[in-house]
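[1] coords below, sequence missing:
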């Protein structure tokens with residue numbers, strides 16, 4: 001029995017020491033903070049991918065305790081993100097889940113832990129980070145207004161412009177928050193999975209981006225929220241308006257990805273170089289609305305089927 005459990009303790013101690021070292025980097029070495037944040041999920045994920053949940057729970061508890069003892073509040077805030085992400089990635093790998101599952105579950109964990117961090121900051125330090133951010137944005141507008149006034153270029157309705165801009169920012173903040181969490185999740189798994197693969201952990205792969213395809217029902221959802229945004233009347237700054245604005249934002253972002261994936265599909269069909277598709281993607285970013293329309297057409301009329309059936313040029 002001792003021979004069976006000994007490797008678990010050795011692996012656990014190794015993972016714990018690596019996690020502690022990376023957490024210390026994140027807290028006390030600002031230049032390495034981002035590196036520490038990205039890499040500190042790996043020892044937790046590696047251990048969970050190889051051992052049971054019960055053993056990993058012990059590692060999680062000891063890791064959280066060490067983070068608090070060695071890093072105080074900053075250590076706690078770091079561990080609140082990295083430990084759950086490491087666990088969810090390792091748990092998905094242990095259960096042979098797809099890479100899409102790992103991506104979505106990591107994004108959800110990031111959302112939950114980020115909200116917990118905001119709540120804990122409010123509770124411990126009486127600081128509302130969202131209000132602080134809006135106040136800083138307001139201060140920036142005031143500075144811009146003072147500069148414009150000094151050169152005689154201040155618009156008469158500048159105060160109204162500032163008020164509307166801040167109100168719009170407050171409305172779309174949840175949508176941007178969700179988008180940022182998905183981007184962060186993509187970064188985390190893009191860094192963690194190749195390293196875990198080198199550590200002999202079986203790792204799934206994403207299908208090529210050119211195969212990205214939304215369900216066709218998304219068109220109807222997008223049509224509904226678009227019509228509501230045109231004809232529905234909500235009180236300014238209300239919860240209903242916030243939901244509608246963010247729903248439009250999220251659906252347009254998804255359809256933008258649909259349009260970009262069509263570009264990559266076409267480049268691959270023509271056997272054109274991959275760097276050309278990447279460069280075209282960058283060029284198309286300013287034409288966001290046009291790409292959204294292309295995504296809608298692709299989803300509604302199955303343009304890929306026509307492209308696949310057409311001869312190469």
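    Good, I have the coordinates. As the structure is a computational prediction, the values presented were derived from the model and not from experiment. Numbering: from 1, shown residues only.

[2] from now on I want contacts and neighbour counts done on CA atoms only, so please keep to that.
    Will do.

[3] give me the phi and psi for residue 270.
    Dihedral pair for residue 270: phi -80, psi 0, per degrees, to the nearest 10.

[4] which residue packs closest to it, ignoring adjacent ones?
    Counting by CA to CA, 6 or more residues apart in numbering, residue 312 is the residue found nearest to residue 270 once chain neighbours are left out, at 5.4 Å.

[5] on the three-state scheme, the one you found is what?
    Recorded secondary structure, residue 312: coil (DSSP: H, G, I helix; E, B strand; the rest coil).

[6] now do it against residue 268, distance only.
    Note on residue 312: its distance to residue 268, by CA to CA, to the nearest Å, is 10 Å.

[7] can you pull out the strands in the protein?
    Assigned by DSSP state E, the chain shows no strands.

[8] pick out the residue closest to the middle of it.
    Residue closest to the average C-alpha location in the chain (CA atoms, centre = their mean): residue 182, at 2.1 Å.

[9] how about the contacts made by that residue?
    103, 104, 107 (CA atoms under 8 Å, 6 or more residues apart in numbering).

[10] give me the number of residues near residue 144?
    Neighbours of residue 144 under the rule other CA atoms under 10 Å: 13.

[11] can you pull out the helices in the stretch 1-150 of the chain?
    Along the stretch 1-150 of the chain, the stretches classed as helices by DSSP state H, counting those that start in this stretch are 2-28, 33-39, 41-50, 53-94, 99-125, 129-150.

[12] hmm, back to that, quick check on the contacts of residue 182: which are buried?
    103, 107 (16 or more other CA atoms under 10 Å).

[13] rewinding a little: more neighbours, residue 312 and residue 268?
    Neighbours were counted for residue 312 and for residue 268 using other CA under 10 Å; residue 268 has more, 14 against 10.

[14] who touches the more buried one in this structure?
    Neighbours of residue 268 in contact, by CA under 8 Å, 6+ apart: 210, 274.

[15] ok, it to residue 284 distance?
    According to CA to CA, residue 268 stands 17 Å off from residue 284.
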